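Engineer: following is a predicted model, sequence given first.
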Amino acid sequence: MLNAPLVALPNFSVLRWSFDPSLIIPFAISSLCASVKTLGNITTCQKINDLDWKRPQMQSIKQGLLSDGLSMSLSGLLGGMGQSSASSNIGLSLATGATSRKIAYSTGGILIALAFLPRIAEIFVIMPQPVMGATPIFAVCFIVIIGLQMMMSRMMDSRKIFVLGISLIFGLSVMGLVNVYSQIPNPLVRPIFSSTLYLATLLAIVLTFLFRLGLAKKVQLVLEPKKSTSDDIFSFMEIQGAAWGARREVIYKAISALNEIAETVTLLNLAEEKIVVDVRFDEFNLDLSVQYHGKPFPLQDLSQSDPDFTDDGSLSRLSVDLIRKLADKVTSDCKDGVCRVMLHFEH
């Protein structure tokens, strides 16, 4: 270490460019996996800094992927190693609570300075192995937990459980079945099975697309007044919420509001026939349309009601107020005997 100069310019004398067509597929797979990893890292940073985090913010992810891709391309052109965001560093920032951009700018400046200070940079090379081993273990503990929290923030059905389970199991098997995967004859496919990250990421992507086939974003539930129960509504909405990967709290609000509507319609004998519920979902919205033939649904305000809740009318007004508080938007209409109540929930 003492033989290295204190100050020096980076050595570009070994810089060479070459192109090997056989590496195109492994490179494409590696780039895809690295992009997915960076996406996950940025999403984790978003969740750490936002207590009300609901979903990834695509604008910052777009900027992060762009900067990550540019840094890897520049590193390759200069003859260096591929660069990527480090999950362990994110875990360290989570453990310490240090997530300020100012720290990132300072750290980046220090790393740039170390490129011109080889003697100081070599201090990190001779760092004791126990320290080098303990640091990632400490950081990974936090990143694993935050990852599990993000996965479990959405409802899950058997499809999503299979996606996560199969990806994790086969990804971890790379470390235990090295001799088995090294015998794969095809040189274009073999690199996929040489990395836990590559195999787990590809399986997660392929299985996600495969299991989404046939998954409807619009479903219908038919309720019969005085026969259907709240358990029917709960089971239906929970199954659909898990299939969609919806947020649990939004689905449970919709279940409660739908129960109140069904009970009010039954209590006041508003419906002549069956009650039809159309449910539509996307990543940002959950919309319910409750339709029946009969009398209009009373959407009056509770403040105008009698405080004595002993009669059916007062109880229905209480239900209406609960519906208004549960849903982000409630409207109703009635035309030619066909009455509808529309509920909108922000997801």
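Structural biologist: Arrived safely. Numbering: from 1, shown residues only.

Engineer: where does the stretch 201-347 of the chain dip in pLDDT?
Structural biologist: Within the stretch 201-347 of the chain, the ranges that satisfy pLDDT under 70 run 214, 300-314.

Engineer: now with 80?
Structural biologist: The stretch 201-347 of the chain contains residues with pLDDT under 80 at 213-216, 299-317.

Engineer: quick check: buried residues in stretch 227-244?
Structural biologist: Buried residues in stretch 227-244, counted by 16 or more other Cβ atoms under 10 Å: S228, D232, I233, F234, F236, M237, E238, Q240, G241, A242, A243, W244. The C-beta positions use only the backbone N, C-alpha and C, and glycine is treated the same way.

Engineer: wait, isn't the first one in contact with I261?
Structural biologist: What it means is S228. No. Using Cβ atoms under 8 Å, S228 is not in contact with I261, being 11.9 Å away.

Engineer: show me the strands in this protein, by range?
Structural biologist: Per DSSP state E, the chain carries strands over the ranges 218-223, 275-281, 285-293, 329-335, 338-346.

Engineer: on that earlier part again, ok, so of the buried residues of stretch 227-244, who is nearest Y105?
Structural biologist: Closest approach between those and Y105, by Cβ to Cβ: W244, at 39.9 Å.

Engineer: for the closest one, which non-adjacent residue is closest in space?
Structural biologist: Nearest non-adjacent residue to W244, counting by Cβ to Cβ, 6 or more residues apart in numbering: F281, 5.0 Å away.

Engineer: still on that earlier bit, mean neighbour count for the strands of the chain - can I get that in a markdown table?
Structural biologist: Compiled in a markdown table, the strands of the chain are given as follows (neighbours: other Cβ atoms under 10 Å):
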| stretch | mean neighbour count |
| --- | --- |
| strand 218-223 | 15 |
| strand 275-281 | 20 |
| strand 285-293 | 19 |
| strand 329-335 | 13 |
| strand 338-346 | 18 |
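
Engineer: so which of these comes closest to Y198?
Structural biologist: Y198 lies closest, by Cβ to Cβ, to one member of the strands of the chain: strand 275-281, at 32.3 Å.

Engineer: neighbouring strands for the closest one, and are they parallel or not?
Structural biologist: strand 218-223 (antiparallel), strand 285-293 (antiparallel) (DSSP bridges).

Engineer: what's the distance between the shortest one and the middle of its chain?
Structural biologist: Taking Cα atoms, centre = their mean, to the nearest Å, one finds the center of strand 218-223 at 27 Å from the center of the full chain.

Engineer: what of the longest one?
Structural biologist: In terms of Cα atoms, centre = their mean, the centre of strand 285-293 is set 27 Å apart from its chain centre.

Engineer: compute the inter-axis angle for it and strand 338-346.
Structural biologist: Relative orientation of strand 285-293 versus strand 338-346 (axes from the mean of the first three to the mean of the last three Cα atoms, to 10 degrees): 170 degrees.

Engineer: now do the first one
Structural biologist: Interaxial angle, strand 218-223 versus strand 338-346 (the same axes, to 10 degrees): 130 degrees.

Engineer: would you put the C-alpha positions of strand 218-223 in CSV?
Structural biologist: Output in CSV follows, covering the C-alpha atoms of strand 218-223 (Å, rounded to 0.1, in the frame of the first residue of the first chain):
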residue,chain,number,x,y,z
LYS,A,218,-64.0,-6.5,-13.9
VAL,A,219,-66.1,-8.9,-12.0
GLN,A,220,-69.7,-9.2,-10.9
LEU,A,221,-71.5,-10.3,-7.7
VAL,A,222,-75.2,-11.0,-7.5
LEU,A,223,-76.9,-10.6,-4.1
